[in-house]
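> give the three-dimensional model of this entry:
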Amino acid sequence: MQETHPPIKMADSPSVRALVTGNPVALAHGVIGDAWTQLILREAFYGVRRFNDWSEALHIPRTVLSGRLKRLVENGLLDSVIPPGRRRAEYRLTAMGRDLFGIALMQGRWERDHAPSRMQSRYDMVFYDPATRKALDPVVLDGPGGSPIDPDGVRWEVGPGLVERESPTQRRWRSKRPPVDRPMIDRSVELIGDYWSWMVLGCAFFRLRRFEEFLSATGMAPNILSDRLNRLVGGSILVRRAYQSSPPRSEYRLTEAGRALYPVVLATHGWSLRWLCDQDAPPLSLVDLTTGKPIHPVVCDRNTGEPIQAARTRWVMEGQSASRSRGDSIAGGSIAG
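Sure, this is the predicted structure:
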């Protein structure tokens, strides 16, 4: 899913719908493409395990929280466990859920650079390996120990598992956003924290640009599409450009901030391939233009080439100054494993 790929011809409309709704990234957002779900998972990475703790941290309606936790358990991202001596269940990240940490890292990097919260404007969230005490530099590689993925060196190929998918039933939150200024996954949830926003972005990465093209490729209602386009333009992720004056018509293109979401797309693609797709019949593959081999994106440490694992990661908040040291930290902790 890159903007450098040739545009899709709308004459192939049925296959375009399948391409946009059935690719690995779309499948992933059918599971995690919900604002409350992303915030619940974020708090799970910070170590939250109990219903009341989520309720207090997020100010989420209890019925909504109950429904999201149930869905996360059903989808295999959380386990519901009753610890010895307790009456109420705790919810713990599964291996599938912990593997989402790479996506969270890349989304956090994008957020820091293009949509920082107040806290992110003052402090950096630095991740490090507790064994070596060395900072981790997250990057998406074409496999453990591999090379960074160049968007211009990748093409996509349709696989045998590609089929048109129905959209999940989702609603935008109607309550006020949580009054929590978190150092990771904060403002990005407002901009790209739902399934339909990612469907629009998927269209943009496939180089669809016009309202009627988005409408045909996604099947979403016109009012929902208008809302998401306005939100993405307002967030400087898409730019609106007129291509016709009478009657007035516009097209939508990725901005620099929009194109910078590509590592998030890659990380999501890799996670979806590992957990949601048939390994023998993937819906869509990314292929290296030079070698012709499929690419399996993994979020790794740039310095070592090793995959970054949530259970082996610690974090610290450091002030943004040229002279800062590890002693300038204001908070820190571990990632739930």
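> would you list every one of the strands in the protein?
With strands called from DSSP state E, the chain shows them at 78-81, 90-93, 123-128, 138-141, 154-158, 238-245, 248-254, 284-288, 294-295, 298-301, 314-319, 329-334.
> residue 27 is nearest to which of those strands?
Set against residue 27 and scored by Cβ to Cβ, these come closest in strand 284-288, at 9.7 Å. (Glycine included, C-beta is placed from N, CA and C.)
> contacts for that closest one, please.
Contact partners of strand 284-288, identified using Cβ atoms under 8 Å, 6 or more residues apart in numbering, comprise 19, 22-24, 142, 149, 153-159, 162, 266, 269, 293-295, 297.
> of these, grab the buried ones for PyMOL.
To isolate the buried ones among the contacts of strand 284-288 in PyMOL, judged by 16 or more other Cβ atoms under 10 Å, type:
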select buried, resi 19+22+23+24+142+149+153+154+155+156+159+162+266+269+295+297
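> if we can go back for a sec, of all the strands of the chain, which one is nearest residue 206?
strand 154-158 (8.6 Å).
> hmm, residue 113 and residue 264 touching each other?
No - between residue 264 and residue 113 there is no contact, the gap being 11.7 Å when judged by Cβ atoms under 8 Å.
> of these two, who's got more company?
The residue with more neighbours, out of residue 264 and residue 113, is residue 264; 25 against 12, by other Cβ atoms under 10 Å.
> excluding its backbone neighbours, what's nearest the more buried one?
Spatial nearest neighbour of residue 264, excluding adjacent residues (Cβ to Cβ, 6 or more residues apart in numbering): residue 106 at 4.7 Å.
> likewise for residue 24?
residue 272 (3.6 Å).
> can you give me the helices for this structure?
13-22, 24-32, 35-45, 51-58, 62-74, 95-98, 101-114, 118-122, 187-192, 195-205, 211-218, 222-234, 256-259, 262-275 (DSSP state H).
> can you list contacts of the last one?
Here helix 262-275 makes contact (Cβ under 8 Å, 6+ apart) with 1-2, 23-25, 27-29, 76, 96, 99-100, 102-103, 105-107, 109-110, 139-140, 149, 151, 201, 205, 279, 282, 286, 296-299.
> same thing with the third one?
Judged by Cβ under 8 Å, 6+ apart, the contacts made with helix 35-45 from elsewhere in the structure are 32, 53-54, 57-58, 60, 64-65, 68-69, 71-72, 77-78, 91-93, 97, 100-101, 104, 172-173, 178, 182, 184-185, 189-190, 193-194, 310, 335-336.
> mind doing that once more with 7 Å?
32, 54, 57-58, 60, 64, 68, 72, 93, 97, 100-101, 104, 173, 178, 182, 184-185, 189, 193-194, 310, 335-336 (Cβ atoms under 7 Å, 6 or more residues apart in numbering).
> do the fifth one as well
The set of residues that contact helix 62-74 without belonging to it, under Cβ under 7 Å, 6+ apart, is 36-37, 40, 51, 54-55, 78-80, 91.
> run through the stretch 51-200 of the chain and note the low-pLDDT ranges.
Applying pLDDT under 70 to the stretch 51-200 of the chain flags residues 169-181.
> looking at residue 28 now. What's its pLDDT?
pLDDT recorded at residue 28 is 97.
> repeat for the one 10 residues further on
Model confidence at residue 38, given as pLDDT, is 94.
> and it, how many neighbours does it have?
Neighbour count of residue 38, defined by other Cβ under 10 Å: 22.
> now swap in residue 288 and tell me
Around residue 288 there are 16 other residues, counting by other Cβ under 10 Å.
> tell me how far it lies from residue 68.
Per Cβ to Cβ, to the nearest Å, residue 288 is found 38 Å from residue 68.
> now residue 241. Nearest residue, chain neighbours left out?
residue 251 (5.7 Å).
> residue 186 now?
residue 117 (4.1 Å).
> run a quick neighbour tally on that neighbour.
For residue 117, the neighbour count with other Cβ under 10 Å is 18.
> residue 138 too?
For residue 138, using other Cβ under 10 Å, the count is 20.
> who's in contact with it?
So residue 138 contacts 105-106, 109, 299, 301, 308 (Cβ under 7 Å, 6+ apart).
> 8 Å instead?
102, 105-106, 109, 127, 299-302, 308.
> now swap in residue 298 and tell me
Shown in contact with residue 298 (Cβ under 8 Å, 6+ apart): 102, 140-144, 146, 270, 307.
> drop anything exposed from these.
Among the contacts of residue 298, those that count as buried by neighbour count (16+ other Cβ under 10 Å) are 102, 140-143, 270, 307.
> nearest to residue 209 among those residues?
For the buried ones among the contacts of residue 298, the nearest to residue 209 is residue 140 (25.5 Å; Cβ to Cβ).
> look up how far residue 102 lies from that closest one.
For residue 140, the distance to residue 102 equals 8 Å [Cβ to Cβ].
> could I get the contacts of residue 298 as JSON lines with distance to residue 86?
Converted to JSON lines, those look like this (distance: Cβ to Cβ, whole Å):
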{"residue": "102", "distance to residue 86": "31"}
{"residue": "140", "distance to residue 86": "39"}
{"residue": "141", "distance to residue 86": "41"}
{"residue": "142", "distance to residue 86": "44"}
{"residue": "143", "distance to residue 86": "41"}
{"residue": "144", "distance to residue 86": "38"}
{"residue": "146", "distance to residue 86": "44"}
{"residue": "270", "distance to residue 86": "36"}
{"residue": "307", "distance to residue 86": "33"}
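> no further questions, thank you.
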